[in-house]
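Engineer: pasting the sequence and the predicted coordinates here, then a few questions.
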Amino acid sequence: LLRHTQELQPRPAQQRQTTTTTTTTAAPPQNTNGTREEVLNDLLRVELRDVARDYLS
C-alpha cells in the first residue's frame, strides 16, 4: 500500500550551509537562495507525506 507513497517520504536532509557572509552586492548569495529552496521543498514534501498518510488512513 505504501509503495506508491515512497516518493512522498522525506529524504535524509543533506547538511546545509545556513550562515551567510556580508557582501557589498545588492543580490543575496546564490547558496542562500538554494538553501531556502531546499528547505521549502523539504517542508512541502513533509506536508504532502502527512496529507497522503491522513488520506490513506
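Structural biologist: Cool, got the structure.

Engineer: what residues sit buried inside the particular helix or strand that has V46 in it?
Structural biologist: According to DSSP states H and E, V46 maps onto helix 30-56. For helix 30-56, the buried set under the neighbour-count rule, 16 or more other Cβ atoms under 10 Å, comprises 35, 52. The way it works is simple: take the backbone N, C-alpha and C, and place the C-beta from them, glycine included.

Engineer: which other helices and strands contact that helix?
Structural biologist: Judged by 3 or more Cβ pairs under 8 Å, 6 or more residues apart in numbering; DSSP states H and E, helix 30-56 is in contact with no other helix or strand.

Engineer: now do it, average pLDDT.
Structural biologist: Here helix 30-56 scores 90 as its mean pLDDT.

Engineer: just the C-alphas of stretch 44-57, formatted as CSV.
Structural biologist: Extracted C-alpha coordinates of stretch 44-57, given in CSV (Å, rounded to 0.1, in the frame of the first residue of the first chain):
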residue,chain,number,x,y,z
LEU,A,44,6.4,20.6,1.0
ARG,A,45,7.5,17.0,1.0
VAL,A,46,6.6,16.6,4.7
GLU,A,47,3.3,18.3,4.1
LEU,A,48,2.4,16.0,1.2
ARG,A,49,3.5,13.0,3.2
ASP,A,50,1.2,13.9,6.1
VAL,A,51,-1.7,14.6,3.8
ALA,A,52,-1.2,11.3,2.0
ARG,A,53,-0.9,9.4,5.3
ASP,A,54,-4.1,11.0,6.6
TYR,A,55,-5.9,10.3,3.3
LEU,A,56,-4.8,6.6,3.3
SER,A,57,-5.7,6.1,7.0
